[in-house]
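In: here is my input; please provide its structure:
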Amino acid sequence: MQQLEKSTQLEKSTQDAGGVSSEDLTERIVKQNESKKPTIGKYVIACTIIATVSSTLLGYDMGIMSGALLFVKKDLKLSIFQQEFLVGSLSLVSVVGGGTAGRISDAVGRRKTMAIAAAIFFAGAVIMAFAPSFAILMVGRVLSGIAVGFALMIAPVYSAELAPEHVRGTLVSLSEIFINFGILLGYVISFAFESLPTHISWRLMVGFGALPAILLAAGVVVLPESPRWLVSQMRLAEAKHILIRAFCGNKEEAESRLQEIMETVGFTGINMDADPTAEEYEAARNRVRKQGEGVWRELLCPSPSVRRMLIVTFGMHFFHQACGIDATVYYSPVVFNEAGITSKLAVLGATVGVGFTKFMFIFVATFLLDRVGRRPLLLVSVSGLVICLTTVAAAFIALGLNSAEGDTIVSLNLNDTKKAGGAGPAITIIAICAYVASFSVGLGPITWVLTSEIFPLRIRAQAMGAAVVLNRIVGGTIALTFLSLSQAMTPAGVMFLFAGFTAVAIVFIYFMVPETKGKSLEELTKFFEGTAQNREEASATRQKLEVV
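Out: Presented below is the predicted three-dimensional model:
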C-alpha cells in the first residue's frame, strides 16, 4: 500500500516538473518499487521451517499407515470395516483438533499451540506402538488425529503471519513440503521394516511417529511468537522487534507492517515504540467488536466480504480432498498389488516411488508460487489431475479390475493375486505418479496458502480451523469409504468419480478464486472488503506497477 502511495507521489512530482513520457514514468515507478522490495533473511526461513515441521505429523501418518496396514491387518486380524475405520478415523478425529485449535491459538498463542500438538502426537504414537488390540490401537489413533488437526491449522497461519508478502506463498507452501516429506519418510520406514516379523514391523513403523513430534517440541523452544498475535495481546514492542528481524533489520519496513497490523486489529494513533495502555487496548477491542460481534458470529452470519472469503476457502478445501488424494496415498500399496505387483517388497518399493515423486514436485510449486502466481498453477494442476484420474480408471478397466465381484482392491492377497501382463501395471504406476505430481504442483500447497492469507487477523485462526474441519471431514469420509465404494461401484468407477469432482474444481477456480500474489495480508483484507469496482481497480493498478 505504501508503495502505491509513493508511486502516486512520484507521478505527481513528475507532472509538476513538466512531465515525462509514460514509458519513462513507468520505468521509474518500477525501479523505485523494486528497490523498496524487502529482502528475506535466514531468520524468517528458519522460523517457518521449524513451524512447518508440525505438518510432518500428518504426512508421516499417511505414509506409514499405507505400509503398516499390510501388517496390522494380518497381526490383529482386521476386517474390511476395521481397516477402513483405522485409516479414515484419523482424518475424522482431526476435525476435533482443527475445530478447537483456532480458539486455543488465539488464547495461548501460535507457539504454545504447536507444543500442544507435539505432545499429543507423541502420546498417540507411543500408545499405538504398544497397542495389544484394535481398541487400544484406536485410542492412539484418536490422539494422533487430534494432533494432526492442530498442526494443519497452526502451521500455515503462523507462516503467513510472519512472512513478507513477496515470499509468503513460497514459505507457506513449506507446509505442503513437510507433509510430503512425512509421507515419503513413512514410505521409506515401511520399506525398511518390511522384512521384520509381522508383529514387530508395524509397531516400529507407527512408533517412529514420535520422532517428528520430538523435533517439533525442540524447535518450539527457540521459535518466536507470531507478531500479529502479539499485537492482538497488546505486546507491540515484542511484535516490532520480531518484525525488524523478519525484514532483515529494515526498521522502516517493519514499522510500516506493524502499522498495518495495528489498524487491522483496531489500534489507531498509538505509539509503536511502547505497548498500549489498558485504556487504549480496550478502545481498540471495542472498535473490533463493532466490526463484528464475536468471531463465530461473524463466521456463521458473515458479511458479504467474509462470505466471499468463506466460499473460496471451503470450495478449495472440498476439492483438495474430493480429488481422492488421501485415499490414493493410504491405499496405493493395495492398488499396486492389484495392478500386478505381487511381492510386498515390490509393492512398498513402488509406493516409495510415488512418495518421492510427490515430494519432489512440491519444490516446483514452491519455486513458481511467487513468480507465476496462484491461479495459473491451480488451473494446470487440476487439469492434470483430471487426465491422470481418467487414465488410472482406464488402466483398471484394461487390467480387468472393473468388476465388483471377486477380488478387487478391496481384498489384498499377495499369494493368490495373478500377475497382470502387458503395459497395464506400468501405465497404472506412471499415471499415479503423474497424479500425485499434479497435486503437489498446485492444488496441494496452494489450498493452504490461499486460505491462510485471505482472512483478516480477527477471524484468521478460527476460519482456518473451520477450513481444517471441512478438509478432514471430506478426506476422512473418502478414506473411510474408499474400499467399500470400490466394491460397490468398481475401482474404475471410483476413479471416474474423483475425476468428475476435479473437473468441477476447474470451473470453480476459474470463476471464484482471485490472484493473491504479491499482496500483504492487510491488502487482501481490504481487497475482499471493498466493492467489486475497487477490487478490479486495485488489481489493475498493481499489475501495471509490476509490484510482485
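
In: which strands or helices does the strand or helix carrying residue 118 pack on?
Out: Under the assignment given by DSSP states H and E, the secondary-structure element containing residue 118 is helix 110-129. On a contact count with 3 or more C-beta pairs under 8 Å, 6 or more residues apart in numbering; DSSP states H and E, helix 110-129 meets helix 80-108, helix 134-162, helix 198-207, helix 210-222. All C-beta spots, glycine's among them, are computed from the backbone N, C-alpha and C.

In: list the buried residues of the second one.
Out: The one in question is helix 134-162. In terms of neighbour count (16 or more other C-beta atoms under 10 Å), helix 134-162 has its buried residues at 134, 137-138, 140-162.

In: before we move on, the earlier item: ranking the helices and strands packed on helix 110-129 by mean pLDDT, which is last?
Out: For these, the bottom mean pLDDT is recorded on helix 80-108, which sits at a mean of 81.

In: how far does it sit from its chain's centre?
Out: Averaging C-alpha positions (C-alpha atoms, centre = their mean, to the nearest Å) puts helix 80-108 15 Å from its chain's average.

In: in the helix or strand harbouring residue 396, what's buried?
Out: Assessed by DSSP H and E, residue 396 sits inside helix 374-398. Of the residues in helix 374-398, those buried under the neighbour-count criterion (16+ other C-beta under 10 Å) are 374-375, 377-386, 388-398.

In: neighbours of residue 132, how many?
Out: Neighbours of residue 132 under the rule other C-beta atoms under 10 Å: 8.

In: among the helices and strands packed on helix 110-129, which is nearest residue 436?
Out: Each of the helices and strands packed on helix 110-129 has some distance to residue 436 by C-beta to C-beta; the shortest is helix 80-108, at 17.5 Å.

In: okay, buried residues for that closest one please.
Out: Within helix 80-108, the residues that count as buried by 16+ other C-beta under 10 Å are 82-102, 104-106.

In: go on, stretch 496-514?
Out: Going by neighbour count (16+ other C-beta under 10 Å), the buried part of stretch 496-514 is 496, 497, 498, 499, 501, 502, 505, 506, 508, 509, 513, 514.

In: nearest to residue 438, of those?
Out: For these, the residue nearest residue 438 by C-beta to C-beta is residue 502; the value is 9.5 Å.

In: give me the secondary structure label for the closest one.
Out: At residue 502, secondary structure determined by DSSP: H, G, I helix; E, B strand; the rest coil is helix.

In: tell me the confidence at it?
Out: Residue-level confidence at residue 502 comes out at 95, pLDDT.

In: hmm, residue 322 and it touching each other?
Out: Yes: under the criterion of C-beta atoms under 8 Å, residue 502 lies in contact with residue 322, with a separation of 7.3 Å.

In: so the residue sitting nearest the centre point of the chain is in which element?
Out: In the chain, the C-alpha nearest the mean C-alpha coordinate belongs to residue 448, at 3.6 Å (C-alpha atoms, centre = their mean). Residue 448 is part of helix 444-453, with elements assigned from DSSP H and E.

In: dump that helix to PDB, restricted to CA.
Out: What follows is helix 444-453 as a C-alpha-only set of coordinates in PDB (Å, rounded to 0.1, in the frame of the first residue of the first chain):
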ATOM      1  CA  GLY A 444      -2.000 -29.400  -2.700                       C
ATOM      2  CA  PRO A 445       0.100 -26.400  -1.400                       C
ATOM      3  CA  ILE A 446      -1.900 -23.600  -2.800                       C
ATOM      4  CA  THR A 447      -5.100 -24.600  -1.000                       C
ATOM      5  CA  TRP A 448      -3.300 -23.900   2.300                       C
ATOM      6  CA  VAL A 449      -1.500 -20.800   1.000                       C
ATOM      7  CA  LEU A 450      -4.800 -19.200  -0.100                       C
ATOM      8  CA  THR A 451      -6.800 -19.900   3.000                       C
ATOM      9  CA  SER A 452      -4.000 -18.700   5.300                       C
ATOM     10  CA  GLU A 453      -3.800 -15.300   3.600                       C
END
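
In: what average pLDDT does whichever helix or strand comes after it get?
Out: Past helix 444-453, heading to the C-terminal end, the next element that is a helix or strand (DSSP H and E) is helix 457-489. In this model, helix 457-489 has a mean pLDDT of 80.

In: now helix 457-489: buried residues?
Out: Of the residues in helix 457-489, those buried by neighbour count under the rule 16+ other C-beta under 10 Å are 457-480, 482-483, 485-487.

In: where does the prediction get shaky in the stretch 351-500 of the chain?
Out: Low-confidence segments of the stretch 351-500 of the chain (pLDDT under 70): 399, 401-425, 457.

In: the residue lying closest to residue 316 once chain neighbours are set aside and residue 208, how far apart?
Out: The shortest distance from residue 316 to any non-neighbouring residue, by C-beta to C-beta, 6 or more residues apart in numbering, is to residue 447 (4.7 Å). Using C-beta to C-beta, to the nearest Å, we find residue 447 at a distance of 28 Å from residue 208.

In: kindly report the same for residue 263.
Out: Counting by C-beta to C-beta, the gap from residue 263 to residue 208 is 46 Å.

In: and these two? which has more neighbours close in?
Out: Relative neighbour count places residue 208 above the other of residue 263 and residue 208, with 19 against 14, counting by other C-beta under 10 Å.

In: work out for me the element the spatially closest residue to the more buried one that is not a sequence neighbour sits within.
Out: Among residues not flanking residue 208 along the chain, residue 189 sits closest, at 5.4 Å (C-beta to C-beta, 6+ apart). Following DSSP H and E, the helix or strand that holds residue 189 is helix 174-192.

In: elements contacting that helix?
Out: Helices and strands touching helix 174-192, by 3+ C-beta pairs under 8 Å, 6+ apart, are helix 42-52, helix 56-75, helix 134-162, helix 198-207, helix 344-372, helix 444-453.

In: so which of these comes closest to residue 218?
Out: helix 42-52 (9.0 Å).
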